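Student: Below are the sequence and a predicted model; questions follow.
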Amino acid sequence: MIVEWFLSIAGGVADWALGFLGSDPAPEWMTTVGTFMSGQLASFAGLGAWIPWDFAILVWGSILTIWVAILLVKFVRWVIGLIPTMGGS
């Protein structure tokens with residue numbers, strides 16, 4: 001019950017702060033991004049005769065997977081370095 005009271009106060013403060021932002025509609029350049037991107041993707045679709053997209057997606061996916069794995073290892077090393085008995089520099 002006390003937690004609910006604190007949450008209601010936090011919700012009231014958030015509503016009060018968001019009230020300062022206003023409610024104007026989004027700008028036109030932001031609402032037409034989807035149309036622009038679909039036009040760009042449609043123009044790239046015709047390049048399939050010259051670019052082997054299956055192979056390109058495989059290569060870029062492999063590179064992205066390796067980067068994510070490296071960053072994951074770095075993150076795990078960082079977390080282990082936070083444990084006082086495990087060391088770290």
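Tutor: Received it, and whenever you're ready, just let me know what you need.
Student: how close does the residue positioned nearest the centre of the chain get to residue 76?
Tutor: Taking C-alpha atoms, centre = their mean, the centroid of the chain lies closest to residue 68, which sits 13.7 Å from it. Applying C-beta to C-beta, to the nearest Å, the value for residue 68 to residue 76 is 13 Å. Heads up, the C-betas are built off the backbone N, CA and C, glycines and all.
Student: And for residue 37?
Tutor: 35 Å.
Student: What's the first helix or strand after the lowest-mean-pLDDT helix or strand in the chain?
Tutor: Using mean pLDDT, DSSP states H and E, helix 28-31 stands out as the lowest-scoring helix or strand of the chain, at a mean of 84. Next in sequence after helix 28-31, counting helices and strands by DSSP states H and E, comes helix 33-45.
Student: any idea which helix or strand comes after that next one?
Tutor: helix 53-82.
Student: neighbouring contacts of the least confident helix or strand of the chain?
Tutor: Residues from elsewhere that reach helix 28-31 (C-beta atoms under 8 Å, 6 or more residues apart in numbering): none.
Student: Of all the residues in that helix, which ones are buried?
Tutor: Within helix 28-31, no residue qualifies as buried by neighbour count (16 or more other C-beta atoms under 10 Å).
Student: CA atoms of that helix as PDB?
Tutor: Extracted in PDB, the C-alpha atoms of helix 28-31 (Å, rounded to 0.1, in the frame of the first residue of the first chain):
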ATOM      1  CA  GLU A  28       6.700  16.000 -41.700                       C
ATOM      2  CA  TRP A  29      10.200  14.700 -42.200                       C
ATOM      3  CA  MET A  30       9.700  12.300 -39.300                       C
ATOM      4  CA  THR A  31       6.400  11.000 -40.600                       C
END
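Student: so where's this structure uncertain?
Tutor: In the predicted model of the chain, residues 86-89 satisfy pLDDT under 70.
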